[in-house]
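Visitor: What follows is a predicted protein model with its sequence.
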Amino acid sequence: MRRYLLPLLALAGVALWLLWPEARPAPRAPVRPAGADETPAVQVLAAQSEAQLEGRVLDPAGAAVAGAEVRALLEERVIGSATTDGAGRWRIGGLGGGDYLLLCSSGHLASGPLGPVPLAPGETLGGLDLHLEAAATLAGTVRDGATGATIEGARLEAAGLVATSDRAGRFRLAGLPAGPVILRAGAKGYERRTQPLVLEGRAVTGLELHLRRGATVRGTVLDGERKVAGALVRALRYRLESGGDEAVLATSGPDGSFLLDAPAGLVEIEAVAADGRTGRSAPLDLVPGASAEGIEVHLDTAAELAGRVVDAAGNGAPFAEVRAASLAGAILASAAADAAGRFAFATLPAGLLRVVAQHGGATGLSAPVAAGGPEVIVRLGAGSLAGSVVDAAGNGVPGAQLVAWAEGAPRAAAAVVGSDGQGAFRFEGLPDGPLRVEAVHEGRRAEARNLFPGGTPLRLVLGSGHLVGVVHLAGRPATDFTVAASPAEPGRAGGTAQRLVSPDGSFRLPLPPGRYEVRAGVEGGGTARALAEVPGAGDSDELLLEIAEGGVVEGVVREEGSGAPIPGVRLSLERTRTFAFGQAGDVPGAPQAVSGADGAFRLGGLPTGRRVPIFAWKPGYRPTRPAVVEPAEGRAERLEIVLTPGENEGEQAFGGVGITLGAWRGALVAADVVEGGPGWEAGVRRGDRILAVDGAAVDAKQVGAVAERIRGPVGTPVLLDLVRGESYFRAAPLRAELRF
């Protein structure tokens, strides 16, 4: 799959500044007011040659505050700062145009954010008063997510304030505003992390923040044999869901070379040149703490793609709006069809993409096609989908906005309708499916997936409910954890998975009403599970998710004969989790680890009091029987694993949905479903009986053949008819690139 963010080119410098703090100079300290000398009352950080902002700082009683620090942020970067005079006045000059956020701190007081404040070039805006209230302090320890060791020299930023962890990994950020803030953390050799927090006006201490060890990539961007300077380079993690990671960027030098910090695990290195062309490296399996050298990224040759938009009867759709989109849904290019419905894109990047067309309220979506290939025909849909939007009490909701789009299509090409006075709605001209439909009204939201035109009327229940709970680790609040919630009812898809930081281990996640399977996990540890009912309004009953500290296995993986340590070996309690698929994302699951550059590994959160297998796998080494250990609470077991070099099946990449098939009592069943994969997200669970694939009946005698039918081109759906208990339902997972 390929994603292309051409607008980033113009913002490359800004992006580097924002996402790579070490690449920019530290903010200059504000000039403090003088005492009895004749220094001007307002201290301005930058020369007042362009636009400027000015105002006052007032305490909770409305009195002026002298010596307060005011910071002006643009896109979460401190652009300028000033210190108030004796009358509480401040002025920040030398600014360019933009939407600024203003923050202020003074001792144990801080202001809430003021903004965005739109500032035009050369403009002066005054009267911007900042009101102080009790400030928040955030203090804690930064640790290695795998080993728990403290990290010295980690850099932490929030609300324009910066702190560095000491030798014991401790940090303290004082003067933070009460309310939501964005905490950014990073350290040399570790992945950078961005985490939203909600702070109250008090001291929050004891926060444990975990960072994941990353890797370093050195290489060259090439256009044929020519070295390309000034290309924007980034690492793309292999994962099935989007979001949660902060991109790390670099720019190739005059000789085309680049040095890039990257997450460990499976990644591809993408380069975007100044002319918009892109290229990707071969997949890299990066070892935590190691460096990959000599990586070449070759720019693709821009390709053309032509085609025709036709209606359901095969007639050309004149002047249809056409978009080319990556398989991840990013818009690559737009065009207008001519009077006969023909269109052409002249400079598309190489690789698979989809073409979306809209005309007269109808939408069409092509199968994945390659730029430079034969002419593509995009047929407009003729399907309809009707239903109603209701509140939690079952009353129709008029005026709700409904959006429908095909799975895998960019949301920008969605159809939009509104509900009528009784809450009823109807879509026309939809593609075959599977479809997603979302309804929104006054902050309430509902979503449905796995839909096909012409089915039974859809009923969307708007909710403003939240899933609430507390996560404990070994009896005390966990402060850094992941929570995932998946619908428990057969046929319901969706849910959420979020990595969270919470001083008291609490969480509150907005979700549509219904019953959910909830899992919580901690970095390098175990998991806890529960069932919860989210109401249509208000909060669910509070969950208490208790994660046992569990046992720990530490050891090293060595090569048979030579005894040399083997880096990059994947270890888990489940064989499927030793493959790359199990490393895709932050969904809590079985403990897993990757051996480091010295072959060492650590598996935490293991079940105690029973024997458990430890599977190990790496391409180029023969499969081996799992090592069996019996972890005990409170002590680490030592283990040496020996792998033999040789041929194995190697790693395969194909389009699939993450379901392992099996036979049980004469039925074909989902023997295993990888959590967080397409099948899981579509609502398939272990033990579900599979009746048909794409409308054709299947049985337990066809396990191999059915597995091949479920596989297919990345970005395309496969329709499964299933039974769970006595409930029949359908799921339509969208095939993703799986690596086994």
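Guide: Structure's in. What do you need?

Visitor: Using PDB, write out every CA atom in stretch 330-348.
Guide: Extracted as PDB, the C-alpha positions of stretch 330-348 are listed here (Å, rounded to 0.1, in the frame of the first residue of the first chain):
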ATOM      1  CA  ALA A 330      -5.400   9.400   0.900                       C
ATOM      2  CA  ILE A 331      -6.400  11.500  -2.200                       C
ATOM      3  CA  LEU A 332      -3.500  11.400  -4.700                       C
ATOM      4  CA  ALA A 333      -5.000  13.400  -7.600                       C
ATOM      5  CA  SER A 334      -8.300  14.800  -8.800                       C
ATOM      6  CA  ALA A 335      -9.700  15.300 -12.400                       C
ATOM      7  CA  ALA A 336     -13.000  16.000 -14.200                       C
ATOM      8  CA  ALA A 337     -14.300  13.600 -16.800                       C
ATOM      9  CA  ASP A 338     -15.200  15.000 -20.300                       C
ATOM     10  CA  ALA A 339     -18.600  14.900 -21.900                       C
ATOM     11  CA  ALA A 340     -18.200  11.200 -22.600                       C
ATOM     12  CA  GLY A 341     -17.100  10.300 -19.100                       C
ATOM     13  CA  ARG A 342     -13.500   9.900 -20.000                       C
ATOM     14  CA  PHE A 343     -10.700  11.000 -17.600                       C
ATOM     15  CA  ALA A 344      -6.900  10.800 -17.400                       C
ATOM     16  CA  PHE A 345      -4.300  11.300 -14.600                       C
ATOM     17  CA  ALA A 346      -0.900  12.200 -16.000                       C
ATOM     18  CA  THR A 347       1.500  11.900 -13.000                       C
ATOM     19  CA  LEU A 348       0.400   9.300 -10.500                       C
END
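
Visitor: what's next to it, contact-wise?
Guide: 3-6, 276, 302-310, 315-326, 349, 353, 357, 359, 371-372, 410, 412 (CB atoms under 8 Å, 6 or more residues apart in numbering). Heads up, the C-betas are built off the backbone N, CA and C, glycines and all.

Visitor: Go again with 7 Å.
Guide: By CB atoms under 7 Å, 6 or more residues apart in numbering, the residues outside stretch 330-348 that reach it are 3-5, 302-310, 316-326, 349, 353, 371, 410, 412.

Visitor: For ChimeraX, what selects the buried ones among those residues?
Guide: The command below creates a ChimeraX selection of those among the contacts of stretch 330-348 that count as buried (16 or more other CB atoms under 10 Å):
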select :3,4,5,302,303,305,307,308,309,310,316,317,319,320,321,322,323,324,325,326,349,353,371,410
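
Visitor: Filter the contacts of stretch 330-348 down to the ones in helices?
Guide: In helices, defined here by DSSP state H, there are no members of the contacts of stretch 330-348.

Visitor: so what's residue 695 closest to, chain neighbours aside?
Guide: Spatial nearest neighbour of residue 695, excluding adjacent residues (CB to CB, 6 or more residues apart in numbering): residue 719 at 6.7 Å.

Visitor: any idea how far residue 525 is from the spatially closest residue to residue 549 that is not a sequence neighbour?
Guide: The shortest distance from residue 549 to any residue other than its chain neighbours is 3.9 Å, reached at residue 474 (CB to CB, 6+ apart). Here the criterion is CB to CB, to the nearest Å. By it, residue 474 lies 9 Å from residue 525.

Visitor: got any residues that touch both of the two?
Guide: Residues within reach of residue 474 and of residue 525 at once, by CB under 7 Å, 6+ apart, are residue 549.

Visitor: Can you get me a residue count around the residue nearest to residue 549?
Guide: Look at residue 474: counted by other CB atoms under 10 Å, it has 14 neighbours.

Visitor: quick one: the helices in this structure?
Guide: In the chain, the helices defined using DSSP H lie at 12-19, 678-681, 703-710.

Visitor: From what I see, residue 620 and residue 645 are in contact.
Guide: Yes. Judged on CB atoms under 7 Å, residue 620 makes contact with residue 645 at a distance of 6.4 Å.

Visitor: Find residues that contact each of the two.
Guide: In contact with both residue 620 and residue 645: no residue, using CB under 7 Å, 6+ apart.

Visitor: pLDDT weak spots in the stretch 101-250 of the chain?
Guide: Regions of the stretch 101-250 of the chain meeting the criterion pLDDT under 70 cover residues 201, 239-248.

Visitor: Let's see that with 50 instead.
Guide: Applying pLDDT under 50 to the stretch 101-250 of the chain flags the ranges 241-246.

Visitor: Give me the neighbour count for residue 459.
Guide: Residue 459 has 13 neighbours, counted by other CB under 10 Å.

Visitor: Then residue 633?
Guide: The number of residues packed near residue 633 is 13, by other CB under 10 Å.

Visitor: Look up the closest residue to it, ignoring the ones flanking it.
Guide: Per CB to CB, 6+ apart, closest to residue 633 is residue 608, 4.9 Å.

Visitor: my guess is the one you found meets residue 550, correct?
Guide: Yes. The criterion here is CB under 7 Å, and residue 608 meets it with residue 550 at 6.2 Å.

Visitor: out of those two, which sits in the more crowded spot?
Guide: Using other CB under 10 Å as the criterion, residue 608 and residue 550 rank with residue 550 on top: 21 against 16.

Visitor: Residue 50 and residue 119, how far apart?
Guide: Distance, residue 50 to residue 119, by CB to CB: 10 Å.

Visitor: okay, and the common contacts of those two?
Guide: residue 95.

Visitor: Which of those two has more residues huddled nearby?
Guide: Each of residue 50 and residue 119 has its neighbours counted (other CB under 10 Å); residue 119 has more, 22 against 16.

Visitor: Find the nearest non-adjacent residue to the more buried one, please.
Guide: Nearest one to residue 119, counting by CB to CB, 6+ apart, is residue 51 at 5.1 Å.

Visitor: and that neighbour, what does it touch?
Guide: By CB under 7 Å, 6+ apart, the contact set of residue 51 is 95-97, 119-124.

Visitor: Most neighbours among these, which one?
Guide: Among these, the one with the most neighbours (other CB under 10 Å) is residue 95, at 24 neighbours.

Visitor: In contact with it, which residues?
Guide: 50-53, 72, 79-80, 119.

Visitor: Which of those residues sits closest to residue 682?
Guide: residue 79 (45.1 Å; CB to CB).

Visitor: Tell me how many other residues crowd the residue nearest to that closest one when sequence neighbours are not counted.
Guide: For residue 79, ignoring the flanking residues on the chain, the nearest one in space by CB to CB, 6+ apart is residue 72 at 5.2 Å. By the measure other CB under 10 Å, the count of residues near residue 72 is 27.

Visitor: Residue 180 now?
Guide: Per other CB under 10 Å, the neighbour tally for residue 180 reads 12.

Visitor: which residues of the stretch 301-450 of the chain fall in strands?
Guide: In the stretch 301-450 of the chain, the strands defined using DSSP state E, counting those that start in this stretch lie at 303-310, 321-325, 331-336, 342-348, 352-359, 362-365, 369-370, 376-379, 383-390, 401-406, 415-418, 424-430, 435-441, 444-451.
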